[in-house]
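Novice: heads up, no residue letters with this:
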């Protein structure tokens, strides 16, 4: 299980998401189809891994809304 801290391209915090399985580690271009109040669909623009806490990998993930 990993935790993604989501940000807009302008640096605005957009919340977080938990991921597991094959999609646990972000990749540029990956599509998010989560039920988020801000978008229906978004794609990963960039990401960086943060220090793990409690044995959970964490990522800072910048997304671009594709459908609002």
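Specialist: Happy to help now that I have it. Treat the numbers as computed from the prediction; the structure is a model and nothing was measured.

Novice: residues of stretch 28-47 that come out buried?
Specialist: 32, 36, 39, 42, 44, 47 (16 or more other CB atoms under 10 Å). C-beta: built from backbone N, CA, C; applies to glycine.

Novice: Ignore what I typed, I meant stretch 9-19.
Specialist: Neighbour-count burial for stretch 9-19, with 16+ other CB under 10 Å as criterion, is recorded at 14, 17, 19.

Novice: residue ranges with poor pLDDT in this structure?
Specialist: 35-37, 68 (pLDDT under 70).

Novice: Is residue 22 in a helix, a strand, or coil?
Specialist: For residue 22, the assignment made with DSSP: H, G, I helix; E, B strand; the rest coil gives helix.

Novice: Against residue 33, how distant is residue 23?
Specialist: Per CB to CB, to the nearest Å, residue 23 is found 11 Å from residue 33.
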